[in-house]
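Participant: Sequence and predicted model, in that order:
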Amino acid sequence: MTMDADDESLLEALLAGEHRALARVISKIENRSPGYRELVSELYAHTGDADVIGITGSPGAGKSTLVDKLAEEYRDRGETVGIIAIDPSSPFSGGAVLGDRIRMASAVGDMDVFVRSMSARGTLGGLSTATADAVKAMDAFGKDKIIIETVGAGQNEIDIVRTADTVAVLVPPGSGDDIQTLKAGILEIADVFVVNKADRDGADRTVQELREMVHLGEESGLAGGSGGHHGADVMSSGNAAVDETDDEDEGWTPPIVETVATKGTGIETFIDELANHRMHLVDSGTHAEKVRQRHAEEIRTLLREDVHSLLEDELAESGGIDGLAEAVRLGETDPYSITSDVLAPVEACVENLETGPREDGSNRE
Amino acid sequence: MSSEQEAESIRCLVAKVGLDGHDRGAHVIARAFRDAGFEVIYSGLHKAPEEIVQAAVQEDVDVLGISILSGAHDTLVPKIMDGLEEYGAKEDTLVLAGGVIPEEDREGLKEDGVAAIFGPGTSIEETIEFVRENAPQR
């Protein structure tokens, strides 16, 4: 892949540590402007050093405030921080008010905390790709810690936090039955649970409920970072995981940390647990597995997007979606017939490729 | 809508600088911009010029709208403009000012690089139209 001269100098500026260049590259990624793929593809060579942390939780759980304190603590320890704050956008106007920045007061005046707000822009699957690419940009820029912050609702957000090495799920006290609803999607992705606002009533109970849930999950083989099945994992990691009953589990029991983000209480414990998880990932070999899974997902998503845009062209050639939909409405045909008609030329092409003489995939694109 | 389409959106930072707690105007503008399909980042109250510059640069906004009702525009705006220049962001950021800014100060602000000043009584539509027409093409 080749880049044009502008992108070339942009990449150089980014690698040289110019904040504006990093900001510009992320914009290109978000806008999917021409040449962004080549750019990201070049970025890959410079990545792999950052520690990526995902933070999710229901609205009002205190994510932004916690992220702010986290960034502050990391800065005190001399590490540079990148933050990607994701807010939903209106599906109607496409507009969004990205307000997470307001709560990130410690980051202020310190360019080494790079905060970037992103919205979904109506492209559902696209945001996790854009987030992953923005993480790459920050990684290549040289950030030590990259924090992704997003509201934990729905598959889309889960895909986003999956781009992180370590995922922390925030649970506000007194969630009560909410914890039950959290169970399905959230338990699998949480590497660390945080009960924020721990000075409020009901915090103890929430901790207790979470603890029960983690244990229940362990018994049914639900818990554990990537939610995958990693064959025989006999490595015994150094952490004091209780109840290590089945070897299906990678030996990581999500710890439950209590914090009061507004006062900065518990932040150090939280950071220690994040570090512990990181260490566990590396020691147990799970990290490599996780990275592999992530790249597999990236490849799949890119392929899906490309095929999708190919199909859009094919659809336009068949008279556009509106005409076809109208035909279905009038009862002339049905979606299944249309789909196979539209796909027929594509399938024929693919078959030709398979049967025809092929040296290599040179006629791609 | 194809996911592969270019998904460009006008990004705006709505900023409150200095010791001025009047944010109703900023809120109204932020919401109106959102409804117009822009991506709006709101700075929150009582920000220092450096904070605004930091946010504008990191977020790579096309438009920076500064709301000032404290009368300190003559000191605050130049500081922001200098900061933007330092990071090479002055040229292609559309800077707007809103709030109570006397007629005689406007020329000076424009010389500093403010593209337009919207005082009390400006219609929302007018402001949105101006942004649509003048947002920098990058």
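Facilitator: Received it, and whenever you're ready, just let me know what you need.
Participant: contacts, neighbours, all on C-alpha from now
Facilitator: Fine.
Participant: which residues in chain B form strands?
Facilitator: Remark: strands assigned in chain B by DSSP state E are B:11-16, B:39-42, B:63-68, B:94-99, B:116-118.
Participant: do you know which of the ones you listed lies nearest A:Ser318?
Facilitator: Closest to A:Ser318 of the strands of chain B, according to C-alpha to C-alpha: strand B:39-42, at 34.8 Å.
Participant: what's in contact with the closest one?
Facilitator: Contacts with strand B:39-42, where a contact means C-alpha atoms under 8 Å, 6 or more residues apart in numbering or on different chains, come from A:94-99, A:101-102, A:117, A:119, B:9-15, B:30, B:33-34.
Participant: center of the chain - which residue?
Facilitator: Answering for chain A, as no chain was given. Taking C-alpha atoms, centre = their mean, the centroid of chain A lies closest to A:Ile160, which sits 2.4 Å from it.
Participant: Name the nearest residue to residue 70, ignoring sequence neighbours.
Facilitator: The chain I'm using is chain A. Excluding the flanking residues, the one nearest A:Leu70 by C-alpha to C-alpha, 6 or more residues apart in numbering or on different chains is A:Ile267, at 6.6 Å.
Participant: not quite, I wanted chain B
Facilitator: On the basis of C-alpha to C-alpha, 6+ apart, the spatially nearest residue to B:Ser70 that is not a chain neighbour turns out to be B:Asp20, at 5.4 Å.
Participant: The one you found against B:His46, yeah?
Facilitator: Yes: taking C-alpha atoms under 8 Å as the definition, B:Asp20 is a contact partner of B:His46 at 6.5 Å.
Participant: My read is that A:Ile198 contacts A:Val260, right?
Facilitator: If you look again at residue A:198, you'll see it is Ala, not Ile. Yes: counting by C-alpha under 8 Å, A:Ala198 touches A:Val260, with 5.6 Å between them.
Participant: Of those two, which one has the most company?
Facilitator: When neighbours are counted by other C-alpha atoms under 10 Å in any protein chain shown, A:Ala198 and A:Val260 differ, and A:Ala198 comes out ahead with 22 against 19.
Participant: Distance check, that one against chain B.
Facilitator: Counting by C-alpha to the nearest C-alpha, to the nearest Å, the gap from A:Ala198 to chain B is 26 Å.
Participant: Low-confidence bits of the chain, can you list those?
Facilitator: Here I'm looking at chain A. Of all residues in chain A, those with pLDDT under 70 make up the ranges A:1, A:88-95, A:105-109, A:120-126, A:152-156, A:175-187, A:217-250, A:355-365.
Participant: actually chain B
Facilitator: Across chain B, the ranges flagged by pLDDT under 70 are B:1-7, B:138.
Participant: Which residue does it have closest to chain A?
Facilitator: Nearest to chain A in chain B, going by C-alpha to the nearest C-alpha, is B:Gly37, at a distance of 3.7 Å.
Participant: for that residue, phi and psi?
Facilitator: Backbone torsions of B:Gly37, given as degrees, to the nearest 10, read phi 100, psi 10.
Participant: on that earlier part again, hang on, isn't the residue nearest to A:Leu70 packed against A:Thr259?
Facilitator: Yes: the criterion here is C-alpha under 8 Å, and A:Ile267 meets it with A:Thr259 at 6.4 Å.
Participant: residues in contact with the nearest residue in space to A:Val260 that is not next to it in sequence?
Facilitator: Nearest residue to A:Val260 in three dimensions, chain neighbours excluded: A:Lys197, at 4.7 Å (C-alpha to C-alpha, 6+ apart). For A:Lys197, the residues meeting the contact criterion (C-alpha under 8 Å, 6+ apart) are A:Gly62, A:Pro172, A:Pro173, A:Ala203, A:Glu258, A:Thr259, A:Val260, A:Ala261.
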